[in-house]
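Q: this one's sequence-less:
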Ligand code: SF4
Ligand code: SF4
């Protein structure tokens, strides 16, 4: 009899707690109608986040998952929840910068959720809202150096890319011992070649920059 009473009390407490949690979630969703990170992402890149049913196959196949602070399937779950606190965590996570856009997750996903596009959108938002994880600063510098090289030459030049990256990060001696052997094998060309209509490339970058409010 005593055991039954204790079980009943536990059941009532648990039920109340569950109700409380559900009410908190609903209240948070209602505070940002149609303007959540999930809504903006779906509108911008067309990936339907709610298609994910959390089977975890993306995370199991992701080559970077062990280094990620938020696993690929968790990124989608946090977006689905639409809680403002989760938005900040996602935008300041390291995971979004570690993603290689290799699409291994996409090839394994039974729902064809394109996670690489999700990560790409989150990276752009992270830069726009100035929430880049401090550990990802060098990765962001590499992205910028890469894009600037393409903008100036219309194609990639490894020497320009490396110099630009080193100037941004001040990692002057990192990997420098590899330069001579790469040079003698013809992998480094100090004189950059450009595409014929490089001005057109600059115009493309300018238009993208204007559309996105100034950020590349
Ligand atoms: S594989 Fe697809 S459905 Fe499964 S957790 Fe990953 S994104 Fe969601
Ligand atoms: S695209 Fe990104 S999240 Fe998907 S498997 Fe590759 S590294 Fe992992």
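A: Structure's in. What do you need? Quantities reported herein were computed from a predicted structural model and do not represent experimental measurements. Ligands and ions are numbered 1, 2, ... in the order given.

Q: Would you mind listing what in the protein touches ligand 1?
A: The chain comes close to ligand 1 at residues 52-58, 73, 76, 108-111, 113, 115, as judged by C-beta under 6 Å from any ligand atom. Bear in mind the C-beta positions are built from the backbone N, C-alpha and C, glycine included.

Q: go again using 8 Å as the cut-off
A: Taking C-beta under 8 Å from any ligand atom as the criterion, the neighbours of ligand 1 within the chain are 51-59, 72-73, 76, 105, 108-113, 115.

Q: Buried ones among the residues you listed?
A: With burial judged by 16 or more other C-beta atoms under 10 Å, the buried subset of the residues of the chain next to ligand 1 is 52, 57, 58, 59, 72, 73, 76, 105, 109, 113, 115.

Q: Pretty sure the fifth one sits against residue 59.
A: The one in question is residue 72. Yes: Residue 72 is in contact with residue 59 according to C-beta atoms under 8 Å; the separation is 4.9 Å.

Q: Can you check which residues contact both of these two?
A: Counting by C-beta atoms under 8 Å, 6 or more residues apart in numbering, the shared contacts of residue 72 and residue 59 are 65, 105.

Q: what's the neighbour count on residue 141?
A: Neighbouring residues of residue 141 were enumerated by other C-beta atoms under 10 Å; the total is 18.

Q: Am I right that residue 155 is in contact with residue 196?
A: No: in this structure residue 155 lies outside contact range of residue 196 using C-beta under 8 Å: 10.8 Å.

Q: Who has more neighbours out of those two?
A: With neighbours defined as other C-beta under 10 Å, residue 155 and residue 196 compare such that residue 155 has more, 13 against 7.

Q: The more buried one: helix or strand, and which one exactly?
A: Assigned by DSSP states H and E, residue 155 belongs to neither a helix nor a strand.

Q: I'd like to know how many residues surround the residue lying closest to it once chain neighbours are set aside.
A: The spatial neighbour of residue 155 that comes closest, neighbours along the chain excluded (C-beta to C-beta, 6 or more residues apart in numbering), is residue 195 at 5.7 Å. Residue 195: 12 surrounding residues under other C-beta under 10 Å.

Q: Next, the contact list for residue 195, please.
A: 153, 154, 155, 201.

Q: Most neighbours among the residues you listed, which one?
A: The member of these surrounded by the most neighbours (other C-beta under 10 Å) is residue 154, with 20 neighbours in all.

Q: does the spatially closest residue to that residue that is not a sequence neighbour count as helix, strand or coil?
A: The spatially closest residue to residue 154, leaving aside those adjacent along the chain, is residue 195, at 3.1 Å (C-beta to C-beta, 6+ apart). Under the three-state scheme (DSSP: H, G, I helix; E, B strand; the rest coil), residue 195 adopts coil.

Q: ok, back up a step: restricted to helices, list the buried ones among the residues of the chain next to ligand 1.
A: When helices are assigned by DSSP state H, the members of these inside them are 57, 58, 59, 72, 73, 76, 105, 115.

Q: wait, doesn't residue 47 sit right on residue 114?
A: Yes: Residue 47 is within contact range of residue 114, at 5.3 Å (criterion: C-beta under 8 Å).
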